[in-house]
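1. got a sequence here, can you model it:
(one chain, ligands or ions: 3)
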Amino acid sequence: MSNLKPQKAHRFSFGLWCTANRGRDPFGEETRSRLDPVTNIKELGKRNVYAFNYHDDDLIPFGASLQQRNKIIKETRKVMKDYAIKCGMATTNLFYHRVFKDGAFTSHDPKVRAYAVQKVMRNMDLGAELGAKVYVFWGGREGTEVDASKTPEESLKRYRECMNYLCAYSRHNGYGFRFAIEPKPNEPRGDIFLATAGHVMAFIGTLDDPDMVGVNPEIEHSRMAGLNTYHDFAQCMEAGKLYHVDLGAQKPCRFDQDLRFGSEDIKETFFVVKLLEDNHWQGTRNFDEHPYRSEDDKGVWDFVEGSMRTYLILWEKVKRFNSDKKVQQILKSIKGKDPFLEGLLGRFTPENAAELKKRSFDPMALSRKRLPYEELDQRVQEILMGVA
Ligand code: GCO
Ligand code: MN
Ligand code: MN
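-> Ligands and ions are numbered 1, 2, ... in the order given. Modelled structure (predicted):
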């Protein structure tokens, strides 16, 4: 296996909130000590992580004075330079403070919505200053427990109004951000609006500036919804809407586990890596996940190193798959070829349709074509298990 050491050229990134996660959950207190953002960025940079991502409050504590803010920004810039680490993505914490308990962009209260938009604009100013290319919108509180309280139609209108406003703000300032909306079906709300990548893509089509906005699908969130993550990512990519990715691992249909990349769902994860690498996808290979609560402060870095190592191993497996004679021979054998029919099917014309209607087919004969998927999947398994 070739070199599994992460390089800046691999374009790995982590959210500061992932490494600074202290293991608190609804049933228990913190198990790790506080990690300040500057040390956090430095430790990532030392490990050849290409970029860090942040929520406004990860970097500048909520309610900090202007003086504190300027000091942190200065230190951040220095550590970014010293450790050759970029800021990849910026996002806003619109979920922690109780003011957002019933939503930010979808709150009934115009003052809360205005405050949320203000919070985003202020952090967009900072994100642009730090060189972030992508701005993520994860509407964790944009949802309901009580359907009588808010209608989805009205909420989506409000969501749209805020997104349109912020797109215009970014354009007006020449920030060049690509916005990426992150779907999640539930948690922390009972039901969250824009639950899946499909919902997000449909919503984007209704915005004033759809080209500016794409999707930030997360492996864990698609699996929470019981979906095939690989298909989710691929459909976003095919639509030209894969603007950012959140990688991690998750057992299906549970709370958001945010497990270390590749620690579950190995075959699906392999196909996600294959999708990104075979298509030379341009974004950062971003991890959004948390170390186990049982880990100590040191273990956080094992988690960071493990995530990148697993990605690189899976990439090696992708190369192995792509050059495997047996796999390629099966793939070749299952793909039919008929240039004449493909021409007829390629475009509707009355002539093509008339010609197609005249053709006679033998469905039984067609159905007898061998599809050796047992062999194909076994081969994939063996590549992944390291015996092929
Ligand atoms: C989650 C989400 C968050 C968002 C992040 C960016 O785990 O529910 O993934 O981690 O990605 O808040 O806004
Ligand atoms: Mn998550
Ligand atoms: Mn995420």
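
2. say whether ligand 1 is contacted by stretch 166-181.
-> No - figure legend: stretch 166-181 not in contact with ligand 1 (Cβ under 6 Å from any ligand atom); closest approach 9.6 Å. Bear in mind the C-beta positions are built from the backbone N, C-alpha and C, glycine included.

3. pull out the buried positions in that stretch.
-> 166, 167, 169, 170, 175, 177, 178, 179, 180, 181 (16 or more other Cβ atoms under 10 Å).

4. can you give me the pLDDT of the second one?
-> Confidence per residue is given as pLDDT, and for residue 167 that number is 98.

5. which element is it on?
-> Using DSSP states H and E, residue 167 sits in helix 152-172.

6. and the next helix or strand past that helix?
-> Immediately after helix 152-172, counting by DSSP H and E, sits strand 178-182.

7. quick one, strands of this protein?
-> Ranges of strands in the chain, per DSSP state E, are 12-15, 51-55, 86-91, 134-138, 143-144, 178-182, 191-192, 213-215, 285-287.

8. what does this structure put close to ligand 3?
-> For the chain, the residues in contact with ligand 3 (Cβ under 5 Å from the ion) are 218, 246, 288.

9. surely the second one touches residue 182?
-> Yes - taking Cβ atoms under 8 Å as the contact criterion, residue 246 and residue 182 are neighbours in contact, 6.8 Å apart.

10. hey, what's in contact with both of those two?
-> Taking Cβ atoms under 8 Å, 6 or more residues apart in numbering as the contact rule, residue 246 and residue 182 both touch 216, 217, 218, 221.

11. distance to ligand 2, pLDDT and neighbour count for those residues - can I get that in CSV?
-> Shown next, in CSV, are the shared contacts of residue 246 and residue 182 (distance: Cβ to the ion, whole Å; pLDDT from 0 to 100; neighbours: other Cβ atoms under 10 Å):
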residue, distance to ligand 2, pLDDT, neighbour count
216, 11, 99, 29
217, 11, 99, 32
218, 5, 98, 28
221, 6, 98, 29
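
12. which one of those is nearest to residue 299?
-> Residue 299 lies nearest to residue 218 out of the shared contacts of residue 246 and residue 182, by Cβ to Cβ, at 22.6 Å.

13. which residue, other than its chain neighbours, is closest to that closest one?
-> Residue nearest to residue 218 in three dimensions, not counting chain neighbours: residue 246, with 3.5 Å by Cβ to Cβ, 6 or more residues apart in numbering.

14. which parts of stretch 224-237 are buried?
-> Here stretch 224-237 shows 224, 225, 227, 229, 230, 232, 233, 234, 235, 236, 237 as buried, counting by 16+ other Cβ under 10 Å.

15. do you know the pLDDT at the residue of the stretch 1-150 of the chain found nearest ligand 2?
-> At 8.5 Å from ligand 2, residue 138 is the closest residue in the stretch 1-150 of the chain, using Cβ to the ion. Predicted confidence (pLDDT) for residue 138: 98.

16. ok, it - contacts?
-> Applying Cβ under 8 Å, 6+ apart, the residues near residue 138 are 91, 95, 181, 182, 184, 216.

17. tell me how many other residues surround residue 45.
-> Look at residue 45: counted by other Cβ atoms under 10 Å, it has 21 neighbours.

18. picking up where we left off before, more neighbours, residue 246 and residue 182?
-> residue 246 (25 against 22).

19. so what pLDDT did the more buried one get?
-> Per-residue pLDDT puts residue 246 at 99.

20. so how far is residue 188 from the spatially closest residue to residue 20 that is not a sequence neighbour?
-> Nearest residue to residue 20, sequence neighbours excluded (Cβ to Cβ, 6+ apart): residue 35, at 4.4 Å. Distance, residue 35 to residue 188, using Cβ to Cβ, to the nearest Å: 23 Å.
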